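# one predicted model, sequence on top.
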Amino acid sequence: MNHVASQILMRSSCFSLIILAASLNLSNASDSLIRSLDLNDGDSIVFLGDSITYQTHYCEYLRSFFHTRYPDKRLSFINAGIPGNRAGDAVQRFEQDVSRFNPTIVMIMFGMNDGGYQPLDNEVRLSEYKKTMLKLINQSREINASPVIISPTPFDGKTNQSRQEDPSYRFRGKPFFPDYNLVMAHYTACCRQIAQQEQVVFVDLHSPLNNFLNQKRLSFADYTLMPDAIHPDPAGHLLMAFEILKRLDPERENIGRLSLDYQNGQWNASSSDVKFQALTGSKSKVSAQVKFQSLPWNIPEKHTLSQLRWNNPSNASMMFREIDVNSELNSTELQISGLEHGLYKVSLDEIHLGNFPRNALAAGLSLQAIQESPLTKQAQLVGSMNRRLSDEIARPLRDLLAKRFNVQRQDAERLINFDKKNRDAINRLEGKRDELLSEIQEIAKPLWLTLVVEEIQE
């Protein structure tokens with residue numbers, strides 16, 4: 001550790017080195033607040049944060065997960081991110097951006113701006129951060145919502161330094177503290193301490209994103225998840241969503257399993273989260289009507305169809321494959337035993353999924369890995385619709401509400417005029433959001449599909 005970092009640690013009396021190490025994931029310690037998330041019909045989630053939340057990507061990916069995994073629930077999702085905001089700003093706008101939606105869960109993520117991009121040379125900023133984060137927890141509880149505290153993401157000091165000669169770099173010449181990521185480690189430790197003190201769920205994003213970044217740089221020195229040093233790219237947002245889901249431990253982690261077995265002249269079936277009917281066949285063929293209770297989590301190859309201020313690559317799908325989301329959260333298994341020796345064609349609703357030998361079918365097929373599957377195609381449509389919600393509604397709506405908040409802080413009379421001018425547009429976007437959420441919910445409902453497995457004749 002360099003001299004500057006040592007001074008940071010020495011000056012901070014709020015937290016011990018042990019807590020800081022835990023926030024950096026240098027120890028194996030884990031808190032006892034792991035809880036299983038079980039959403040109910042009518043639940044709503046508000047994502048409360050700064051520009052990283054405003055980007056919408058991690059919120060969008062989480063929406064797609066919950067839509068595909070809970071198609072039987074009516075769920076609402078509200079993006080409440082405003083660029084440049086600190087936790088204290090969210091306290092001021094809590095009524096407008098959170099309370100009026102009567103949420104069940106409030107995911108609270110601040111810290112990047114709260115540290116001021118300066119060294120942790122006094123306790124004022126950190127003390128104010130802790131006070132306002134506690135206030136946000138209390139405000140959430142006052143409306144009977146469950147707060148989830150999410151740590152800040154890392155600051156990429158190396159990328160910030162390397163891009164200072166790049167004329168297109170939006171933060172060129174900004175006086176950012178080079179070791180600001182260590183400051184974010186302190187803010188992560190603060191979040192952990194608050195969550196333990198208040199007995200609320202805590203999600204550490206700083207450690208896993210830091211660890212992933214450092215590991216990749218062993219092979220690719222210039223690799224980054226934050227092309228502008230602050231805002232994660234789509235791959236970073238996918239990793240954020242994945243870590244949030246792992247921490248929340250949703251009740252429906254996987255899609256389902258269907259086992260078909262031919263014995264004593266008849267087909268028998270057993271399943272988990274899969275309905276079936278009309279099961280018929282012989283030793284060389286089997287067919288059935290099947291209905292999975294949910295769809296695989298899927299994200300679009302292109303992260304946006306709009307022009308965004310962050311000119312990032314569409315790399316989230318690459319991250320999706322790299323961290324093997326399909327194995328972790330999308331398991332969809334079809335197992336068929338008792339068939340005669342041979343090669344078998346498998347189709348689902350007349351879509352050819354592939355040809356497989358008998359032993360491969362007996363071992364089990366992972367349907368989530370088959371892109372041609374009707375389940376995957378339907379999930380892709382859900383992902384595309386959620387991207388549309390982000391592009392056409394969420395970000396334009398947040399632009400308007402961010403302007404409203406800035407006007408509100410300046411002048412009450414100007415706020416009245418702003419509302420007269422923009423209220424219809426805000427109401428229209430919020431109405432479209434609710435309509436599109438309902439449409440996505442309908443699209444996400446699993447369908448009855450015809451499964452046919454038959455021997456290929458030579």
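Perfect, I can see it now. Numbering: from 1, shown residues only.
# what distance do you get for Tyr117 to Leu348?
Between Tyr117 and Leu348 the computed distance is 52 Å (Cβ to Cβ, to the nearest Å). For every residue, glycine as well, the C-beta is placed using N, CA and C.
# residue boundaries of the helices in the stretch 251-400 of the chain?
316-322, 325-329, 358-363, 374-389, 395-410 (DSSP state H, counting those that start in this stretch).
# cool, and the stretch 51-200 of the chain?
Going by DSSP H, counting those that start in this stretch, the stretch 51-200 of the chain shows helices at 51-54, 57-69, 87-92, 94-97, 124-142, 157-162, 180-198.
# and those: which comes nearest Ile370?
helix 57-69 (16.1 Å; Cβ to Cβ).
# for the closest one, buried residues please.
By 16 or more other Cβ atoms under 10 Å, the buried positions in helix 57-69 come out as 57-69.
# mind putting these into CSV with distance to Glu142 and pLDDT?
Listed next are the buried residues of helix 57-69 as CSV, based on distance: Cβ to Cβ, whole Å; pLDDT from 0 to 100:
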residue, distance to Glu142, pLDDT
His57, 30, 97
Tyr58, 26, 98
Cys59, 23, 98
Glu60, 28, 98
Tyr61, 29, 98
Leu62, 24, 97
Arg63, 26, 97
Ser64, 30, 97
Phe65, 28, 96
Phe66, 25, 96
His67, 29, 96
Thr68, 32, 96
Arg69, 30, 95
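# identify, from those, the entry nearest to Asn113.
Closest to Asn113, out of all of those and judged by Cβ to Cβ, is Tyr58, at 17.2 Å.
# give me every residue that touches the closest one.
Phe47, Ile52, Pro232, His237, Leu238, Met240, Ala241, Ile244 (Cβ atoms under 8 Å, 6 or more residues apart in numbering).
# about what we covered before: who has more neighbours, Tyr117 and Leu348?
Under the criterion of other Cβ atoms under 10 Å, the comparison of Tyr117 against Leu348 puts Leu348 first, with 20 against 17.
# the longest helix seen in the chain - what's its average pLDDT?
Under DSSP state H, the helix in the chain containing the largest number of residues is helix 412-443. Model confidence over helix 412-443, given as mean pLDDT, is 96.
# what's the closest non-adjacent residue to Met240?
Tyr58 (4.3 Å; Cβ to Cβ, 6 or more residues apart in numbering).
# distance to Gln408 added to the buried residues of helix 57-69, as JSON lines?
Converted to JSON lines, the buried residues of helix 57-69 look like this (distance: Cβ to Cβ, whole Å):
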{"residue": "His57", "distance to Gln408": "27"}
{"residue": "Tyr58", "distance to Gln408": "27"}
{"residue": "Cys59", "distance to Gln408": "23"}
{"residue": "Glu60", "distance to Gln408": "27"}
{"residue": "Tyr61", "distance to Gln408": "31"}
{"residue": "Leu62", "distance to Gln408": "28"}
{"residue": "Arg63", "distance to Gln408": "28"}
{"residue": "Ser64", "distance to Gln408": "32"}
{"residue": "Phe65", "distance to Gln408": "33"}
{"residue": "Phe66", "distance to Gln408": "31"}
{"residue": "His67", "distance to Gln408": "33"}
{"residue": "Thr68", "distance to Gln408": "37"}
{"residue": "Arg69", "distance to Gln408": "37"}
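# returning to what we had before: wait, which of the contacts of Tyr58 is closest to Asn122?
Nearest to Asn122 among the contacts of Tyr58 is Ile52, at 25.1 Å by Cβ to Cβ.
# how close does the closest one sit to Arg252?
Distance, Ile52 to Arg252, by Cβ to Cβ: 27 Å.
# give me the more crowded residue out of those two.
The neighbour comparison of Ile52 against Arg252 (other Cβ under 10 Å) goes to Ile52, with 28 against 19.
# not counting sequence-adjacent ones, nearest residue to the more buried one?
His231 (5.9 Å).
# surely that neighbour meets Thr56?
No - between His231 and Thr56 there is no contact under Cβ atoms under 8 Å: 11.6 Å.
# what's in contact with stretch 274-285?
By Cβ under 8 Å, 6+ apart, stretch 274-285 touches 256-258, 260, 262, 267, 269, 286-293, 338-340, 342, 452-455.
# could you redo the last one with a cut-off of 6 Å?
Applying Cβ atoms under 6 Å, 6 or more residues apart in numbering, the contact partners of stretch 274-285 are 256, 258, 262, 267, 269, 287-292, 340, 454-455.
# for the closest residue to Met226 other than its chain neighbours, give me its contacts.
Among residues not flanking Met226 along the chain, Asp156 sits closest, at 4.2 Å (Cβ to Cβ, 6+ apart). Counting by Cβ under 6 Å, 6+ apart, Asp156 touches Thr224, Met226, Ala229.
# what about the first one, which SS state?
In this case it means Thr224. coil (DSSP: H, G, I helix; E, B strand; the rest coil).
# now do the contacts for it.
Shown in contact with Thr224 (Cβ under 6 Å, 6+ apart): Asp156, Thr159.
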